[in-house]
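> build the 3D model from these lines:
(one chain, ligands or ions: 1)
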Amino acid sequence: MTSIRLCGSILLCTIAMSYGCTVVTDSDDAAVHGNPVITTEDDIPAVVAAMTLEEKVGQMVQTDIAAATPEEVRQFGIGSIIILIPEGNLKTTQAWRSIADDYQKEALQTRLGIPMVFAIDAVHGHSYFDGNSVILPHNIGLGATRNPQLVEQLAQLTAKELSATGVRWTFSPTIAVARNIRWGRTFESFGETVALQKMFATPFIEGYQGKDLTAAYAVGATAKHFVADGAVDDGVDRGNATVTEMQLRAMHLPGFIDAIDLGVVSIMASFSSINGEKVHGSKALLTDLLKNELGFDGVVITDWEGIDIGGLTLKEGLNAGFDVFMFAQSWKTSMPAIIELVESGEVPVARIDDAVTRILRMKLRLGLFSRPMSSPQYANSMGSTAHRNLARQAVRESLVLLKNDAGILPLDKRQSVVVVGSHANNVAFQCGGWTKKWQGAHTDLFGHPARPVDGATSIIDGIRNVIGHDNVIDAGVSGFNSDADVAIVVVGETPYAEGQGDRAAAELVLTSEQRVLIQRYHDAGTKVITVLISGRPLLVSDQIDQSAAFVAAWLPGSEGQGVAEVLFGDYDFSGKLGFSWPRSADQIPINVGDPDYDPLYQYGYGMTYDRSIASE
Ligand code: BGC
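I've put the predicted structure just below:
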């Protein structure tokens, strides 16, 4: 021990010294080098014992960055911040890091100097970063790759971009097994089977967390949403899942068990209910099952204002087993309310101590006690060519070829093609929800202005890059041009997130303009290659009939060129369906293993150029 920190209390000095920690005199020095009051898990009980109730509850609070200043983090000892809505024009890693460090410096000035942690919904790359970050295909596309090694690399890429901005905790991956494509979060799922949940949960988490979570690039992962979020009746987001215990355990739980075995640092509860019981209020699920039976020793976090949204009380949430509560402005009233619940004996102190122990354990695992400040180490990797190349590989491998009449694909690079459709030249549309803003980078349904997706390549630009500008005839969103024999028509869903994407089965169709467009080119005798950009299978039997080739491209993200590289034969198709493709609205929901299973394309279907039809 080389120096003595000016402690806020004699008690802290005693704790710090008894654990052989570095204690420094200069507060700036402490801010830079950290104040490791905890160096091993054995240190945690004494620190918890030394904390006041206010300090403990502060750790349990997570607020939106817009709802708390750095000074408030110090004053109330707030444990974590979610960057929900990025401040406009924060385009550099340096700008993000300096904000993160401003908050952290204040956290380190609290009596015990416990570091705070920044969290974000990096669900497909560092997708809320305002500048040049790589946007990955959404999970539905990753599931189609059937390539867990690649997914691990993609998660690691994301971790590097996150740590370059001072963010050490991501609310990803979603490991939902989506059982009804009407659900607006279907695209956050790898597919309809537990096999895909198990295939991708652990590599995803391992990519984020690495073998050593204290490594400069590693970030804490969150498996979400516990549990059976993808089983909601009629695909109604935040609704009720009618499932037997056997279905729950066999189909929705296994990925969580793997995640726990691997050491995932946190698990987020689902907004939804199971057989009428809100998960957010369920001690049976969060404490008895997750913590006690499955032995999860990390942090159980609510969803965004999950207690309030669930119509529950803080007491119910606390006694159910939550360790961290995600709040917006309401933290200001919730914090004293939690303190009162404990003081009045309605929530036992032991429950609070359990929560704080887990939070400190997570912060220890993240190495925050020894390295609380952000690191510029991976700044150059943000949006780098290497990262974009990897994301482009993911795009290529995610594409599923549903139809290829007379081997029209791959296209000849020397022929000219018409490129047309709402999604041909729209990077916001190809990225989908959770990109730059909650509902997506376009002007969304709430009227929030569009945001640029810096560094992204649209599908038409990708085609130009692959075959040259001269061979590409741009017919815009809906133009007709008969100068080429082949039209690549790129159409699909506009972005959405969560319940905003819930649909009736009959609504899972292209717009009438999109349908007319395909029909028009078909009727004119042009060979139509349809590229569908969507967060799920759509009812497109007629459009498939009118197309010579049909490709499900899901929500590919920023690297649109991956699509062209496969269409023009630089690479073969390899993607396979993670979801059964229905013939008609009355077949929805349809899942492999159903009695009388007769989809248009079965789970696992996907053609390749060598004509073999892959199928699982
Ligand atoms: C979503 C979560 C997300 C949280 C924080 C919620 O609405 O359900 O998946 O992590 O918001 O943004």
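
> show me which residues of the protein sit near the ligand.
Leu84, Asp121, Phe171, Lys224, Asp303, Trp304, Glu498 (C-beta under 6 Å from any ligand atom). No exception for glycine: its C-beta is placed from N, CA and C like everyone else's.

> recalculate using a threshold of 5 Å.
With C-beta under 5 Å from any ligand atom as the criterion, the chain comes near the ligand at residues Asp121, Phe171, Asp303, Trp304.

> from Gly433, how far out is the third one?
To tie it back to what came earlier, the one meant is Asp303. Distance of Asp303 to Gly433, given as C-beta to C-beta, to the nearest Å: 16 Å.

> check the last one too.
Distance, Trp304 to Gly433, by C-beta to C-beta: 15 Å.

> the more surrounded of the two?
Neighbours were counted for Trp304 and for Gly433 using other C-beta atoms under 10 Å; Gly433 has more, 29 against 20.

> which residues does that one contact?
Residues in contact with Gly433, defined by C-beta atoms under 8 Å, 6 or more residues apart in numbering, are Phe187, Gln439, Gly440, Pro495, Tyr496, Ala497, Glu498, Gln500, Gly501, Gly535.

> quick check on it: phi, psi?
phi -60, psi 170 (degrees, to the nearest 10).

> report the separation between the residue nearest to it when sequence neighbours are not counted and Glu277.
Nearest non-adjacent residue to Gly433, counting by C-beta to C-beta, 6 or more residues apart in numbering: Ala497, 3.3 Å away. For Ala497, the distance to Glu277 (C-beta to C-beta) stands at 25 Å.

> what about those two, which has more around it?
Between Ala497 and Glu277, counted using other C-beta under 10 Å, the more crowded position is Ala497 (23 against 12).

> separation between the more buried one and Ala164?
25 Å.

> just Gly191 next, same as before
Taken as C-beta to C-beta, the span from Gly191 to Ala164 is 31 Å.

> Leu445 too?
32 Å.

> looking at these two, which is more packed in?
The neighbour count for Leu445 versus Ala164, taken as other C-beta under 10 Å, is higher for Ala164 (28 against 12).

> surely that one touches Pro376?
Yes. At 7.2 Å, Ala164 and Pro376 qualify as touching, with contact defined as C-beta atoms under 8 Å.

> anything in contact with each of these two?
Here Ala164 and Pro376 share the contacting residues Thr93, Arg97, scored by C-beta under 8 Å, 6+ apart.

> can you report phi and psi for Asn404?
Here is the backbone geometry of Asn404 (degrees, to the nearest 10): phi -150, psi 80.

> if it is in a bridge, with which residues?
Ala549 (DSSP bridges).

> count the residues that sit near it.
Asn404 has 20 nearby residues by other C-beta under 10 Å.

> gap between it and the ligand?
37 Å (C-beta to the nearest ligand atom, to the nearest Å).

> and that residue, what does it touch?
Applying C-beta under 8 Å, 6+ apart, the residues near Asn404 are Ala548, Ala549, Met607, Tyr609.

> between those, which is nearest the ligand?
Comparing these against the ligand with C-beta to the nearest ligand atom places Met607 closest, at 33.8 Å.

> now that closest one: closest residue in space, sequence neighbours ignored.
Distances taken as C-beta to C-beta, 6+ apart place Leu401 nearest to Met607, at 4.3 Å, with adjacent residues excluded.

> make sure that neighbour is indeed in a strand.
Yes. Counting by DSSP: H, G, I helix; E, B strand; the rest coil, Leu401 falls inside a strand.

> who's in contact with it?
Leu409, Ala549, Phe550, Val551, Phe573, Gly575, Gly606, Met607, Thr608.

> okay, the fifth one and Leu399: tell me how far apart.
In this structure, Phe573 lies at 6 Å from Leu399, with C-beta to C-beta as the measure.

> same question, the last one
Computed with C-beta to C-beta, the distance linking Thr608 and Leu399 is 11 Å.
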